[in-house]
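Starting from these lines, generate the structure:
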Amino acid sequence: MCKVPGGIVLKRFRPEQAFFEKEALEYPLGKRMHTFLQKHSIPITIIPSHNRVTGIPGANPMEAYRNAKRTIVVGIKRTMELDICKPSANYQFSLSTGCVGGCHYCYLQTTMGKKPYIRIYVNTDEIFDNLNQYIEKRAPRLTFFESSSSSDPVGVEHMTGSLKKAIEFFAKSKYGRLRIVTKFAQVDSLLDIHHNQHTRFRFSLNSDYVIRNFEQMTATLEERIEAAGKIAQAGYPLGFILAPIMHYEGWQDEYSYMLSHLSKTLANTSVKDLTFELIQYRFTKAAKNIILERFPNTKLDMDESNRKYKWGKYGRGKWVYPDEKSKELDQFIRQQIKEKFPAARVQYFT
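Down below sits the predicted model:
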């Protein structure tokens, strides 16, 4: 844990077990991670490849999920081809995969397998060299990279320092820009570094109801907003992702309160080009099945009869709110943002 001004105590993630790819020990970050784990008496198992992890117990889906969430795997990233990341960036890349949070609705529920452990990559210099190649191909156009599509790097930054290194890399890049999304608040190590305003920090915010019921093991609303204020004062370009926006009894009052609280926190801080991204709650059939296995008592509303099916790529789709509710969410949130942040841009609603 670490104390911050105002009496808030932030809980830092600490794994209960670790698997180490043998070659990872040849990298500086691998050596530091190994020392960190030994210092905190965390059991370490050496494995030949981070893609073949066995030994995470779990007699049922709930148990397997819980144990995996307390497990880190340290390895080398070998696949360097980047995926496109619309609408938020040109490409996405990973310093880590998996997330230390336990959000019921997260799309990673369906992409990380039955045991969604946290994987940390140690070959950061090679990762950045690869990013440079993508930047050079598009120059002199700016190329935007999303670092949080398959993880929340802030959640493990106290162990890795990789995000600090990435921010400093992009600070020196003429045509590369970094985008970060987080539900965590441990940002103090990132406040006094050279960022050159080339990194946009976005905090994922939601109503108190959503955070309390569906975003376990993440920072509270108050902690996130306080951290956003620190990032703004440090001069980073700032944004917020309101996601997933949910339609439930009393949602207008709670989202209005959340945005009012945010407005008061940022009132005395100059924030240029403030952005908002709005994403309504959606789910797939596969996600619903996995969520109900892992969280059988979840309060998530996944009743397809109250939803509209929206087709996506490759003949697959997801359940979203019907047009009337979707429009209501969009219009209400946009109006609240316009009233409380008149200079801000809403980049999209989806």
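
Show me the shaky parts of the stretch 201-350 of the chain.
Within the stretch 201-350 of the chain, the set of residues satisfying pLDDT under 70 comprises 314.

any idea where the helices of it begin and end?
Secondary structure of the stretch 201-350 of the chain (DSSP state H, counting those that start in this stretch): helices at 208-214, 221-233, 251-266, 285-294, 323-340.

could the ones you listed go into JSON lines alongside distance to K31 and mean neighbour count?
Heads up, the C-betas are built off the backbone N, CA and C, glycines and all. Formatted as JSON lines, these follow (distance: least, Cβ to Cβ, whole Å; neighbours: other Cβ atoms under 10 Å):
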{"stretch": "helix 208-214", "distance to K31": "37", "mean neighbour count": "19"}
{"stretch": "helix 221-233", "distance to K31": "29", "mean neighbour count": "21"}
{"stretch": "helix 251-266", "distance to K31": "39", "mean neighbour count": "17"}
{"stretch": "helix 285-294", "distance to K31": "35", "mean neighbour count": "17"}
{"stretch": "helix 323-340", "distance to K31": "46", "mean neighbour count": "15"}
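
looking at the ones you listed, which is closest to M112?
helix 285-294 (10.0 Å; Cβ to Cβ).

Kindly present the helices of the stretch 201-350 of the chain as CSV, with separate columns for distance to Y348.
Below are the helices of the stretch 201-350 of the chain laid out as CSV (distance: least, Cβ to Cβ, whole Å):
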stretch, distance to Y348
helix 208-214, 20
helix 221-233, 20
helix 251-266, 17
helix 285-294, 22
helix 323-340, 10
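
Kindly state which of those is positioned closest to N60.
helix 285-294 (8.2 Å).

which outside residues touch the closest one?
Under the contact criterion Cβ atoms under 8 Å, 6 or more residues apart in numbering, helix 285-294 has outside partners 61-62, 65, 104-105, 107, 109-110, 283, 298, 300, 302, 319.

just to revisit the earlier point, just so I know, which of the helices of the stretch 201-350 of the chain lies nearest F169?
helix 221-233 (18.2 Å).

before we move on, the earlier item: max pairwise distance over the contacts of helix 285-294: which two?
Using Cβ to Cβ, those span at most 23.5 Å, a distance reached by M62 and W319.

so who does the most centrally placed residue in the chain touch?
What sits nearest the mean C-alpha location of the chain, by Cα atoms, centre = their mean, is D152, with 3.5 Å. When contacts are counted by Cβ under 8 Å, 6+ apart, D152 is found next to C99, V100, G101, V181, T182, K183, F184.
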